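> model this:
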Amino acid sequence: MRLVELTLENFRGYRDRIVILFDDLTAFIGKNDAGKSTVLDALNIVLGEGKLENADICVHADNGESLLIECAFEDLPETLTLDATSTTTLADEYLVDREGRLRLSWTWLIKRDTNGPVFGKSLIQAIAWAPQGSGLGDLHEKKNTDLKRLVREAGIEESCDLNNNASMRQALWAKARDDGRLSLAETAIDLAKEDGKTILKQIQDNLPLYVLFRADRPSTDQDAEVQDPMKVAVREALDDLHDEITAIKDRVREKSIAVANRTLAKLHNFAPALANSLTPLFAEPKFDSAFKLTLLGDDGIPVNKRGSGVRRLVLFSFFQAEAERRQGISSDRNMIYAVEEPETAQHPNFQRVVVDSLRTLSEQDRCQVILTTHVLGLGGRLPVESLRLVERSHTASALVSAATDAVYRRIVETLGVVPDHRARVLLCVEGPNDLACLRSLCKIYRNRYKDLVCIETDPRIASVLLGGGTLENWTAEHLLRNTGLCEFHIYDRDTPKPDGRFKYAAAVETVKQRGNGDTARLTRRREIENYLHPAAIDRTLAPVVGHAVKVEFAHEDDVEAVVAAAIPDHQGNPRKKLRRRELKSWLNREVASAMTLEELIEVDQEEELLGWFRDITELVCR
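Next comes the predicted model:
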């Protein structure tokens, strides 16, 4: 399942109800104490290992109000198995909203006493587009005997399985639909009663695995920044073995309860009253706490005793390793990596590596990354559509603004853009894949042309990801002007509009006409992928898909579509192992970096790419 929305109300600084949108990569940016980490902590309470505390209640909340944390998910599981004979779906159970999403709502009643606000009774519900009316709107709360009674009263015993609650619910709703009595409306369905509990357990088994890496550096032997990635490794290993572990737990439960029951039977001979008052209770084991994993240096010094920067590097190395691992697997369960202030305790050069690792991780299938930062130098290396500006409103409630023209303007004007004072040139491209490809091609050319600057490692070059959909706004409004740096823009030409003009042609001219040294280039081919060599594509992807990937494409072709058509599965469909988003990443990263100098010279016979790198070098060195 993929997180798409979070709703907060009366949670810390979020007094008023607010809906926050999430993408595969979401970065919360704002000043200190604006409410960025609050978002991550709220998710940790409902999806991770966090616990709600009285201090989490908004200080302005009134007695009798509720604290709300609500999540909306897409990419839902195809089926839910309620028991050995009962399989259903969230849609069939009327547990999705009008958009077909699963919305889970956690609420806690707020009470006020002399010590301040405290939270009381909690409730978990599905906010769904569901049946209304007596005998239809609360079927998940009905016991088997109650459902049987309703089925018999409706005279539909023959149309369902009386031993299957899901089957009886479907029959009752179908009968109401046939009779014209089925009315749907937004409904809060309690998931704490009867079959609701069983369904909730199934839902929880499919929720994304959420791991939070904090900026704080506790000085304990179990330092979170070292332990957390190791804990994630253990949790993911256990998740992969879920079926085997469940079978073991069931077998242990069966045998241990059998022993307990035999013991109680014998006890009944001596003390019947005592025996009747005792019930076997099997406590679920916590396997994730049973396994410990740590890192020890050759000198015998544990990593958690090293400097804070080293500990953070271990964490980010984990992100890189995860990104590479996930490129080669197809996991059924989503992962959400939430990272507070990844720039903390890191040299500017490492900050670049950190951001690139997290960005690459977010591009993997079934993986989302959430960041917080108060430095736009980090945010400037992310797609602008991923940014969320967190501010305080005039009512003292926190506000989160998604990607709009006005928001970009406020971010840049408030926080600035480049953290590294050594930067002299801003390299502005559409997205992370374009940047990765250009960096690889530049490195290859540097094998022959030693005078070219390295656009990845040279501190005089700072990269900014403008984002395709908002690129015109950045260029038209000149939102980067307060940096005082020279800008070099590179945009994909893409396909022409109906009027024959290219999408970003006007943006290129706008930059060139500034008269301050800024310049821009429009690719002569469709996209940056059209500069890749077919031999490098075959050499890189063949080991992944298990057969040769022979492709040919022209300057105007959609290279991703051409390659996807060349790697179908046994049913003729594009392989799930290389979905389109992952394929774009493979082409721009692995394939581009695998090209030889001879292949690059062959595809760049007009020296278009080489000309870009020479122009950038001239700007840096002038």
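
> Name the residues of stretch 538-556 that are buried.
Within stretch 538-556, the residues that count as buried by 16 or more other C-beta atoms under 10 Å are 538-541, 544-545, 549, 551, 553. Every C-beta, even on glycine, is put in place using the N, C-alpha and C of the backbone.

> what do you get for stretch 162-177?
164-173, 175-176.

> okay, these in JSON lines with distance to residue 363 next?
Below are the buried residues of stretch 162-177 laid out as JSON lines (distance: C-beta to C-beta, whole Å):
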{"residue": "164", "distance to residue 363": "42"}
{"residue": "165", "distance to residue 363": "41"}
{"residue": "166", "distance to residue 363": "38"}
{"residue": "167", "distance to residue 363": "42"}
{"residue": "168", "distance to residue 363": "45"}
{"residue": "169", "distance to residue 363": "40"}
{"residue": "170", "distance to residue 363": "40"}
{"residue": "171", "distance to residue 363": "45"}
{"residue": "172", "distance to residue 363": "45"}
{"residue": "173", "distance to residue 363": "41"}
{"residue": "175", "distance to residue 363": "48"}
{"residue": "176", "distance to residue 363": "45"}
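
> Okay, and which of these map to helices?
Those of the buried residues of stretch 162-177 mapping onto helices are 165-173, 175-176, per DSSP state H.

> How far off centre is stretch 99-111?
Relative to the chain's own centre, stretch 99-111 is displaced by 20 Å; criterion: C-alpha atoms, centre = their mean, to the nearest Å.

> domains in this protein, as residue ranges please.
The chain is divided into the following domains under automatic domain parsing: 2-22+51-207, 217-367, 425-524+607-621, 529-603.

> For residue 400, find the nearest of those.
Across those, residue 400 has its closest neighbour in domain 2-22+51-207 (5.0 Å, C-beta to C-beta).

> Between the two ends of that closest one, what distance do you get?
Distance across domain 2-22+51-207, first residue to last, is 8 Å (C-alpha to C-alpha, to the nearest Å).

> do the same with stretch 82-101
Stretch 82-101 has an end-to-end distance of 20 Å (criterion: C-alpha to C-alpha).

> about what we covered before: next, format the buried residues of stretch 538-556 as CSV and append distance to residue 521.
Listed next are those as CSV, based on distance: C-beta to C-beta, whole Å:
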residue, distance to residue 521
538, 29
539, 28
540, 26
541, 28
544, 32
545, 33
549, 30
551, 26
553, 21
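
> From these, which land in strands?
Among the buried residues of stretch 538-556, no member is found in strands (DSSP state E).

> which of the residues you listed lies closest to residue 520?
Of all the buried residues of stretch 538-556, residue 553 has the smallest distance to residue 520: 25.4 Å, by C-beta to C-beta.

> That closest one reaches residue 534, doesn't it?
Yes. Taking C-beta atoms under 8 Å as the definition, residue 553 is a contact partner of residue 534 at 7.4 Å.

> The closest residue to residue 104 other than its chain neighbours: neighbour count?
In space, and not counting its chain neighbours, residue 104 is closest to residue 71: 5.3 Å by C-beta to C-beta, 6 or more residues apart in numbering. Residue 71 sits with 23 neighbouring residues when counted by other C-beta atoms under 10 Å.

> and what of residue 496?
The local packing of residue 496 (other C-beta under 10 Å) involves 12 other residues.

> Name the residues linked to it by a beta bridge.
Listed beta-bridge partners, residue 496: residue 502 (assigned using DSSP bridges).

> what residues are up against residue 445?
Contacts for residue 445 (C-beta atoms under 8 Å, 6 or more residues apart in numbering) come out as 452, 597, 600, 609-610, 613.

> and the residue nearest to residue 104, what does it touch?
3, 5-7, 43, 46-47, 103-104.

> Next: residue 530.
523, 553, 555, 557, 559.

> Mind putting these into TSV with secondary structure?
Below are the contacts of residue 530 laid out as TSV (DSSP: H, G, I helix; E, B strand; the rest coil):
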residue	secondary structure
523	coil
553	coil
555	coil
557	coil
559	helix
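
> Can you say which two of those residues are spatially most distant?
Across the contacts of residue 530, the longest distance by C-beta to C-beta is 14.4 Å; it joins 523 and 553.

> Mind listing what's buried along the strand ranked longest in the chain?
Counting residues, the longest strand in the chain under DSSP E turns out to be strand 116-131. With burial defined by 16+ other C-beta under 10 Å, the residues of strand 116-131 counted as buried are 117, 119, 124-131.

> out of these, which one sits closest to residue 384?
Of all those, residue 384 sits closest to residue 127, with 30.9 Å by C-beta to C-beta.

> Who's the closest spatial neighbour of that closest one, skipping the chain neighbours?
Nearest residue to residue 127 in three dimensions, chain neighbours excluded: residue 103, at 4.1 Å (C-beta to C-beta, 6+ apart).

> contacting residues around that neighbour?
So residue 103 contacts 5, 70-73, 96-97, 126-128 (C-beta under 8 Å, 6+ apart).

> Show me what the longest helix along the chain is packed up against.
Criterion DSSP H: the longest helix present in the chain is helix 242-270. Packing partners of helix 242-270 (3 or more C-beta pairs under 8 Å, 6 or more residues apart in numbering; DSSP states H and E): helix 272-277.
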